[in-house]
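J.: just a sequence and a predicted model for now, questions to come.
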Amino acid sequence: MPMQSWFTDAKLGIFVHYGIYAVDGVPESWAMCDGTVSRERYLAQLDGFTAARYDPQAWAALFKRAGARYAVLTARHHDGVALWDSEHGELDVARRTPAGRDLVRGFVDALRGEDLKVGLYYSHSDWNHPDYASVIHPDPSHAYIPGNKLVEPADGREDPAAWLRYLAYRDGQVGELMRRYRPDLLWFDGEWERTEQQWRTDALADMILAENPDTILNARMLSRGDYATPEQGIPLRAPTGPWELCLTINDSWGHRHTDHNHKSVRQLVRYFTETIGMGGNLLLDVGPTADGRITTEQSARLEGLGAWITRHHAAVHGTGAGLPPGHHYGPSTLSFDRRTVHLVCYGAPREHLALKGLRTPVKRVTVVGTGTELNHHVTGGLGEVPGITWINAPAARDQDEYATVLAVELDGELDLYRGRGRD
């Protein structure tokens, strides 16, 4: 399937990890798997999950102000607790928590009301389903926690019939998500615990696309994924094809009462610009409280990032990956017509900025956000090796608090010299 154009130009999405794990503030799903708490204590959080202050319209409006063009909600994490009133399985917030209702519907409707694309997260795995721990991955190295009895049969004996029942349950829930909400994107996870054949990935993908051929699937649908999904760290080399970096604002995906290690707006702007400079999207995560609030600390950071994006929208949307390393000391983006390069500058530029290897003549240079024009000139060059284009540093009044962007308008399409110089 050709990649949906909305995704490649979205640049920013918001990831929402919302679930019962926010009640005690424990690691989402993993807490009962790694021994942080017992399975019984983990599930006791069902009684405290109220969603009493859940306001999806306010969430969607915040995401819009942040500059996002899509958002992804954890409809069901590895713990198996569905955020909608599912007809499949026994664990959902409508029947088992004081929230008492479908939380996915409000999220979907609110996003579409703000003209944002809808993404739903769904884990292949379910550590609370009675039929899940019924088969074993043939490669033991795939286990995050070797011998985990929530993942593999305790006695080591496989039960193929139980596994087929589990797949029917999974397919039933994914089918519900597709028919009820028609998501633009399905964000899968948990794929490492089984092989592609065990998951029956092809059949699942075919079912999804039969419901909506335009639904995008992430790489955790293995060979049927449409884009790569690096996590928590900017890659040094861009993945092949479309991709998205998923990143937490602090150190946790879900709400943790004790995690106050939030990245600053300046750091988030840097993550964002480095990601889009390599052609990717940033999927930035928030973890709402059990009653449904996005914390002040996380909201403020979304607002700050959104304000930067608004000031520099011309360098964000309608662009792709920028210059290869070595031409400019920092990330950059390139307009779709290849006639404008946007140079991102961290810190205060001094005297000049150097742009190397540029064969296309420069028409003019302006500061994005203020429109101030900057002088430029070229020194050196010999034969096919172009000289260095020197751009006068912008005055302090034109410099951005987090990252200054210069628009270099070219007299033709971008043409770069990538050679080794004269012998």
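T.: Received the coordinates, thanks.
J.: hey, where'd the helices end up in the protein?
T.: Secondary structure of the chain by DSSP state H: the helices cover 5-8, 30-33, 39-43, 56-65, 93-96, 103-113, 160-181, 196-199, 201-211, 265-277, 296-311.
J.: nearest to residue 386, of these?
T.: With CB to CB as the measure, helix 265-277 is the member of the helices of the chain nearest residue 386 (21.7 Å). C-beta here means a position set from N, CA and C on the backbone, and glycine is covered the same way.
J.: packing partners for the closest one?
T.: Secondary-structure packing of helix 265-277 (3 or more CB pairs under 8 Å, 6 or more residues apart in numbering; DSSP states H and E): strand 244-248, strand 281-286, helix 296-311, strand 332-335.
J.: which residues touch that helix?
T.: Helix 265-277 is contacted by residues 11-12, 234, 245, 247, 249, 263, 281-282, 284, 300-301, 304-305, 308-309, 316, 319, 321-322, 331-333, 344, 346, 401-403 when judged by CB atoms under 8 Å, 6 or more residues apart in numbering.
J.: in that helix, what counts as buried?
T.: Residues 265, 268, 269, 270, 271, 272, 273, 274, 275, 276, 277 are the ones in helix 265-277 that count as buried (16 or more other CB atoms under 10 Å).
J.: separation between the fourth one and residue 330?
T.: Looking back up the chat, that one is residue 270. The gap separating residue 270 from residue 330 is 10 Å, by CB to CB, to the nearest Å.
J.: what is in contact with the two at once?
T.: In contact with both residue 270 and residue 330: residue 346, using CB under 8 Å, 6+ apart.
J.: ok, the residue nearest the centre of the chain - contacts?
T.: Nearest residue to the geometric centre of the chain (CA atoms, centre = their mean): residue 283, 2.1 Å. By CB under 8 Å, 6+ apart, the contact set of residue 283 is 12, 13, 14, 15, 72, 244, 245, 246, 247.
J.: can you check the pLDDT for the last one?
T.: pLDDT recorded at residue 247 is 98.
J.: surely it meets residue 280?
T.: No. If you go by CB atoms under 8 Å, residue 247 and residue 280 don't touch, sitting 11.0 Å apart.
J.: these two: which is more packed in?
T.: Shown here are residue 247 and residue 280; by other CB atoms under 10 Å, residue 280 has more neighbours (24 against 20).
J.: contact partners for the more buried one?
T.: Each residue near residue 280 by CB under 8 Å, 6+ apart is listed here: 238, 239, 242, 243, 244, 245.
J.: which other helices and strands contact the helix or strand bottoming out on mean pLDDT in the chain?
T.: Here the helix or strand of the chain ranked lowest by mean pLDDT, DSSP states H and E is helix 30-33, holding a mean of 89. If you count contacts as 3+ CB pairs under 8 Å, 6+ apart, helix 30-33 packs onto helix 39-43.
J.: chain center to stretch 294-306: distance?
T.: How far stretch 294-306 lies from its chain's middle: 16 Å, per CA atoms, centre = their mean, to the nearest Å.
J.: tell me the mean pLDDT for it?
T.: The average pLDDT within stretch 294-306 is 98.
J.: before we move on, what about stretch 396-403?
T.: Regarding stretch 396-403, the rounded mean pLDDT is 96.
J.: quick check: end-to-end length of it?
T.: 12 Å (CA to CA, to the nearest Å).
J.: give me the contacts around it.
T.: 265-266, 269-270, 273, 304, 308, 311-312, 344-346, 348-349, 367, 369-370, 372, 404.
J.: can you rerun that using 6 Å?
T.: 266, 269, 273, 308, 344, 346, 348, 367, 370, 372 (CB atoms under 6 Å, 6 or more residues apart in numbering).
J.: which one of the contacts of residue 280 is nearest residue 229?
T.: residue 244 (5.8 Å).
J.: so what pairs up with the closest one in the strands?
T.: Residue 244 has these beta-bridge partners by DSSP bridges: residue 281.
J.: distance of the residue lying closest to residue 129 once chain neighbours are set aside relative to residue 363?
T.: Nearest residue to residue 129, sequence neighbours excluded (CB to CB, 6 or more residues apart in numbering): residue 80, at 5.5 Å. Distance of residue 80 to residue 363, computed by CB to CB: 58 Å.
J.: next: residue 9.
T.: In terms of CB to CB, residue 9 sits 25 Å off from residue 363.
J.: who does the nearest residue in space to residue 375 that is not next to it in sequence bridge with?
T.: Using CB to CB, 6+ apart and skipping the chain neighbours, the partner closest in space to residue 375 is residue 392 (4.6 Å). Residue 392 has these beta-bridge partners by DSSP bridges: residue 352.
J.: pretty sure residue 392 is touching residue 372, no?
T.: No. With contact defined as CB atoms under 6 Å, residue 392 does not count as touching residue 372 (10.3 Å).
J.: dump the helices of the chain to JSON lines, plus distance to residue 419.
T.: Below are these laid out as JSON lines (distance: least, CB to CB, whole Å):
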{"stretch": "helix 5-8", "distance to residue 419": "30"}
{"stretch": "helix 30-33", "distance to residue 419": "50"}
{"stretch": "helix 39-43", "distance to residue 419": "59"}
{"stretch": "helix 56-65", "distance to residue 419": "45"}
{"stretch": "helix 93-96", "distance to residue 419": "60"}
{"stretch": "helix 103-113", "distance to residue 419": "48"}
{"stretch": "helix 160-181", "distance to residue 419": "51"}
{"stretch": "helix 196-199", "distance to residue 419": "43"}
{"stretch": "helix 201-211", "distance to residue 419": "44"}
{"stretch": "helix 265-277", "distance to residue 419": "23"}
{"stretch": "helix 296-311", "distance to residue 419": "36"}
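J.: how about low-confidence regions in the protein?
T.: Within the chain, the segments meeting pLDDT under 70 span 1-2, 144, 146-147, 423.
J.: on that earlier part again, looking at neighbours, which among the contacts of residue 280 is most surrounded?
T.: Neighbour counts for these peak at residue 244, which has 28 neighbours (criterion: other CB under 10 Å).
J.: and that one, what does it touch?
T.: The contact partners of residue 244, by CB under 6 Å, 6+ apart, come to 229, 280, 281, 283.
J.: got it, and residue 142?
T.: Per CB under 6 Å, 6+ apart, neighbours of residue 142: residue 192.
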